[in-house]
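Student: fold the following, please.
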Amino acid sequence: LKEEQSVSKVIDFTDQQVFKGLTTYTMILFVNKKRNDKIRYAEIDEIDGNIRERLSKVHKDIENGQMRAFDASYENLTAETWTFIPKIESEILNDSDFNDLDAYAESIYQGVVPGENPFFILDLEERKEDTCIVSSDLEEEKFEIEQDICKILCKGEALKRWGADKDDKVIVYPYEVTEEDWRLLSRDEIAEKYPKAWMYFERNKDTLEDRGDDWHGFNTVRPNNIHNFNKKKAVVAYLSNRSKMSLDREGEIIMPDGASGGVGVTLDEAVEDVSYQFIVALINSRLFEWMVEKTSSGFKGNSFAYTKKYIKNKPVPTGNQQKQIEILSEDLMNLAEDSRKENEEDMRVLENLIDFLVYEMYFDKFGSSLLEEVKEIISGISDPNEKARKIRGSSEVEKIVADMEEDEKIEIVDSGKLRDKTW
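Tutor: From the prediction side, this is the model:
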């Protein structure tokens, strides 16, 4: 279709449900035999029971809360994805000399597919010294299991910005992993090393045995992922209406695969240009979030997919602002761990500050005026809450940000889902 340029019009109903009682993602594709120089693209964001009225406006250049329509270029159609965006949005996405995330990553990977989820995924009730009390959907009573055969499991809802909730679920993990190799433990080894866990296997043997010879292991094992789960990594929710990335410092988190899971990013140890703190802050920034929204598939609830396909090719800006962004990222992780609720307003201030430091770095026309002002204001301050108060009380920061917001490209990125700007 791209080679022949036979597509003349595309009408995308995004996450709007066209057919009652069915969850579908509907698109109308118009093709013809002639070679088209452009594609008329319409994105319907709100039907309100009036599809006819929306369709009647497809031929007009329009953008409001209900729909937008414009002429799109064939240049943004690739073998992997078709991205329909106006010219200026294409410039924001593509006019960058920065390396992509993939250049800094040793691996970008999805979660595990254990199969028989009700068996392997357990609700964590209580931690003891060497064991934990858990409950399973397959059993009525709570039971005790060895901690060393379990790993923390974080589904998408537990993967939050700046920190994951790690006290909800565990996954039975019958694997031995070294730096060079990994293997599925034998049933005899599990019985000897983890007798409490083996009793659980035995009680549910009938449910598992028809899975084959290795019935006590996961259905799908990706060798590289097994190694990566034990490493330090950044983890982002697979499907979300905003970026939700946190840092797994100890390599203790496993994510399930699929829409309810997460995606891990392990950085290449040989690369010194970027840190985990910086990557977490960048992916949580409004700029990165906007880029994913513009290129990812859209899902119900205005959610987007933060999969390898959609994050690996996003630019990672580098510059003088990096060090300050790393410090603010660490501050936000500490505030989230302390209390998200109590620190909500201060976290918002620091998040907004990161947003604009990323803009300053990515759109090089602004120099480093915001960075220099911020460094002067919070120099010598270690307490994150005090930093937020200083930034909030600075009229100079407010003025610099206000000037930046008038820039056409920043206005495009920062609008639509405009965050509550608290300074």
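Student: helix/strand/coil for the residue nearest to the spatial centre of the chain?
Tutor: Centroid check for the chain by CA atoms, centre = their mean gives V236 as the closest residue, at 3.7 Å. Following DSSP: H, G, I helix; E, B strand; the rest coil, the label given to V236 is strand.
Student: thought it was touching K244?
Tutor: Yes: here V236 reaches K244: they are 6.1 Å apart, a contact under CB atoms under 8 Å. Glycine gets a C-beta too; all of them are placed from N, C-alpha and C.
Student: joint contacts of these two?
Tutor: L159 (CB atoms under 8 Å, 6 or more residues apart in numbering).
Student: okay, now D168: neighbour count?
Tutor: Neighbour count for D168, taken as other CB atoms under 10 Å: 14.
Student: before we move on, the earlier item: contacting residues around the residue nearest to the centre of the chain?
Tutor: With CB under 8 Å, 6+ apart, V236 has these contacts: L159, S243, K244, M245, S246, G262, V263, V265, I283, Y306, I311.
Student: now the third one. Its backbone dihedrals?
Tutor: When read as degrees, to the nearest 10, the backbone of K244 gives phi -130, psi 80.
Student: please report how far it lies from M347.
Tutor: Distance of K244 to M347, given as CB to CB, to the nearest Å: 13 Å.
Student: using PDB, list the CA coordinates for the helix-or-strand element of the chain with minimal mean pLDDT.
Tutor: When the helices and strands of the chain are scored by mean pLDDT, DSSP states H and E, helix 223-229 comes last with a mean of 74. What follows is helix 223-229 as a C-alpha-only set of coordinates in PDB (Å, rounded to 0.1, in the frame of the first residue of the first chain):
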ATOM      1  CA  PRO A 223      16.500 -17.000  27.700                       C
ATOM      2  CA  ASN A 224      17.700 -13.400  27.600                       C
ATOM      3  CA  ASN A 225      14.800 -12.200  29.700                       C
ATOM      4  CA  ILE A 226      15.600 -14.800  32.400                       C
ATOM      5  CA  HIS A 227      19.000 -13.200  32.800                       C
ATOM      6  CA  ASN A 228      17.700  -9.600  32.700                       C
ATOM      7  CA  PHE A 229      15.100 -10.200  35.400                       C
END
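Student: give me the contacts around that helix.
Tutor: With contact meaning CB under 8 Å, 6+ apart, helix 223-229 is reached by 106-107, 109-112, 151, 175, 177, 179, 182, 251, 253-254, 264, 266.
Student: now stretch 190-208
Tutor: Applying CB under 8 Å, 6+ apart, the external contacts of stretch 190-208 come out as 116, 119, 131, 136, 138-139, 143-146, 148-149, 172, 174, 185, 187, 215-216.
Student: quick one: which of those residues sit in helices?
Tutor: By the criterion of DSSP state H, membership of the contacts of stretch 190-208 in helices covers F119, R187.
Student: any of the contacts of stretch 190-208 buried? List them.
Tutor: The neighbour-count test (16 or more other CB atoms under 10 Å) marks 119, 131, 136, 143-146, 149, 172, 174, 185, 187, 215-216 as buried among the contacts of stretch 190-208.
Student: kindly reformat those residues as TSV containing distance to L353.
Tutor: Shown next, in TSV, are the buried ones among the contacts of stretch 190-208 (distance: CB to CB, whole Å):
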residue	distance to L353
F119	46
T131	44
S136	44
F143	47
E144	46
I145	44
E146	44
I149	43
V172	42
P174	45
L185	48
R187	54
W215	52
H216	50
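Student: farthest pair within those residues?
Tutor: Pairwise distances among the buried ones among the contacts of stretch 190-208 were taken by CB to CB; the largest, 24.0 Å, belongs to T131 and W215.
Student: residue ranges in the stretch 151-300 of the chain under the pLDDT threshold?
Tutor: Confidence mapping of the stretch 151-300 of the chain against pLDDT under 70 gives the ranges 220-224.
Student: tell me where it has helices.
Tutor: Secondary structure of the stretch 151-300 of the chain (DSSP state H, counting those that start in this stretch): helices at 187-193, 195-203, 205-208, 223-229, 276-283, 286-295.
Student: for D61, find the nearest of those.
Tutor: helix 286-295 (18.0 Å).
Student: what angle sits between the closest one and helix 276-283?
Tutor: The directions of helix 286-295 and helix 276-283 differ by 50 degrees, with axes from the mean of the first three to the mean of the last three CA atoms, to 10 degrees as the criterion.
Student: helices or strands next to helix 286-295 in the packing?
Tutor: Counting contacts by 3 or more CB pairs under 8 Å, 6 or more residues apart in numbering; DSSP states H and E, helix 286-295 packs against helix 87-94, strand 303-305, helix 308-311, helix 344-362, helix 408-414.
Student: can you do 7 Å?
Tutor: Contact here means 3 or more CB pairs under 7 Å, 6 or more residues apart in numbering; DSSP states H and E; on that basis helix 286-295 packs against helix 87-94, helix 308-311, helix 344-362, helix 408-414.
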